[in-house]
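> The following block contains a protein sequence and its predicted model.
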Amino acid sequence: MRIGVDLGGTKIEALALADDGQALLRRRIPAPRDHYPATLAAITTLVEGIERELGQRATVGIGTPGAISPATGLLKNANSVWLNGRPLADDLQRLLGRPLRFANDANCFALSESRDGAASGARAVFGVIVGTGTGGGLVVDGRIWTGLNAIAGEWGHNSLPWPGDGEWPGASCYCGRTGCIETFLSGPGVVRDHREATGEALEAVEITARAAEGDPICDATLQRYEGRMARALASVINLLDPDVVVLGGGLSNLERLYVSVPRLWARHIFSDRVATPLVPPRHGDSSGVRGAAWLWGPGEGG
Ligand SMILES: [Zn+2]
């Protein structure tokens, strides 16, 4: 049995998978905010509770915002900023009494969709999460490509490419830079863009709902969003040329993206034809926790 834990900014989810990938048990709790020891306790209680309930010991994989720094062993780059600089891996391995595997949440998402999801069978998969933040992860031949600094795929903190009027230098980002792709493509980024363009404070779901009803102002906001996503992903395709790009996170529910973005990205991609599919996730919100469970492959860890 394998357990995956998805440590999010607002919730912590755990899922137990049988060796054949069947879901056995799922638990979801609110994530303690601004409190590291409470976060450790919550994860430990979740995992131990599932093991007690199912009467089995499991391998455990943890998907985190940010990544464990290979240089220091401390968590870095998390938008749940109270976790940054903490020895999350050491602390949880001590509390749970076993070796654990950790990966960035976007990497877990890409791994899950590569393993038995929307990107099943593809050799190189770029997974994107557009939600509270904007993350990316790369899976090659069924394995996460972590990178020397454990930042492979983190294109959300590149500058928005081919910026147009009003897009440069852009809004400041929690990472300390300005004009990051995340500040445009995340849910809060859409909300800010709409407010700056119209003076109207609407949530992202409200903007997409009104656009679907034919509201031209909200539609214009989504058109700006689509153009930005197309440029941001064109830069990924020029660099990696993945076999498929899978979208996840709250904004991946916006169906028009799968038609409009590939139509728009071609003009920025250095190729005569662009065959790259842009697809929605198969496992939806469960992909992060499934990918965390699959950090231990079949037959690994006993
Ligand atoms: Zn940034």
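Alright, I've got the coordinates. Residues are numbered from 1 along each chain as shown.

> Tell me where this protein has helices.
Counting by DSSP state H, the chain has helices at residues 36-54, 88-96, 105-116, 181-185, 187-198, 204-212, 216-240, 257-265, 287-293.

> burial count for Val245?
25 (other Cβ atoms under 10 Å). Every C-beta, even on glycine, is put in place using the N, C-alpha and C of the backbone.

> Relative to Ile62, how far out is it?
Look at Val245 and Ile62: by Cβ to Cβ, to the nearest Å, they are 25 Å apart.

> do the same with Gly127
Per Cβ to Cβ, Gly127 is found 17 Å from Ile62.

> These two: which is more packed in?
Per other Cβ under 10 Å, whichever of Gly127 and Ile62 has more neighbours is Gly127, with 35 against 29.

> tell me the contacts of that one?
106-107, 109-111, 113-114, 119, 136-139, 153, 245-246, 248, 287 (Cβ atoms under 8 Å, 6 or more residues apart in numbering).

> who in the stretch 51-200 of the chain is up against the ion?
Applying Cβ under 5 Å from the ion, one finds that the stretch 51-200 of the chain approaches the ion through His157, Cys173, Cys175, Arg177, Cys180.

> just checking, the fourth one touches His157?
When you say that, I think you mean Arg177. Yes. With contact defined as Cβ atoms under 8 Å, Arg177 reaches His157; the gap is 6.7 Å.

> Between the two, which is the more surrounded one?
His157 (20 against 15).

> residues in contact with the more buried one?
Cys173, Cys175, Arg177, Cys180, Ile181, Glu182.

> Val81 against Tyr174, yeah?
Yes. Val81 is within contact range of Tyr174, at 6.7 Å (criterion: Cβ under 8 Å).

> residues shared between the contacts of these two?
With Cβ under 8 Å, 6+ apart, Val81 and Tyr174 have no common neighbours.

> and Gly302, what pLDDT?
pLDDT for Gly302: 56.

> burial of the residue of the stretch 201-302 of the chain found nearest the ion, as a residue count?
Taking Cβ to the ion as the measure, the stretch 201-302 of the chain has Ala232 as its residue closest to the ion, at 12.7 Å. When counting by other Cβ under 10 Å, one arrives at 27 neighbours for Ala232.

> can you count the residues close to the closest residue to it other than its chain neighbours?
Nearest residue to Ala232, sequence neighbours excluded (Cβ to Cβ, 6 or more residues apart in numbering): Ile181, at 4.8 Å. Residues lying near Ile181 (other Cβ under 10 Å) number 29.

> Could I get the contacting residues of Ile181?
Thr134, Trp155, Gly156, His157, Asn158, Ser159, Leu160, Arg228, Ala232.

> Tell me the spacing between the fourth one and Leu24.
Spelled out, it's His157. In terms of Cβ to Cβ, His157 sits 36 Å off from Leu24.

> ok, now the first one?
Using Cβ to Cβ, one gets 32 Å for the distance from Thr134 to Leu24.

> can you check the third one too?
In this structure, Gly156 lies at 33 Å from Leu24, with Cβ to Cβ as the measure.

> For Glu226, which residues are in contact?
Counting by Cβ under 8 Å, 6+ apart, Glu226 has contacts Arg256, Leu257, Ser260, Val261, Leu264.

> The same query, at a cut-off of 7 Å, please.
Leu257, Ser260, Val261, Leu264 (Cβ atoms under 7 Å, 6 or more residues apart in numbering).

> I'd say Val289 and Ile12 touch.
No. Val289 is beyond contact range of Ile12, at 9.5 Å (criterion: Cβ atoms under 7 Å).

> got any residues that touch both of those two?
Common neighbours of Val289 and Ile12 (criterion: Cβ under 7 Å, 6+ apart): Val5.

> pLDDT below threshold where in the stretch 1-150 of the chain?
By pLDDT under 70, the stretch 1-150 of the chain has no low-scoring segment.

> on that earlier part again, the more surrounded of Thr134 and Leu24?
Thr134 (28 against 16).

> Report the beta-bridge partners for the more buried one.
Val130 (DSSP bridges).

> That one reaches Leu185, doesn't it?
Yes. In this structure, Thr134 is within contact of Leu185 by Cβ under 7 Å, at 4.6 Å.
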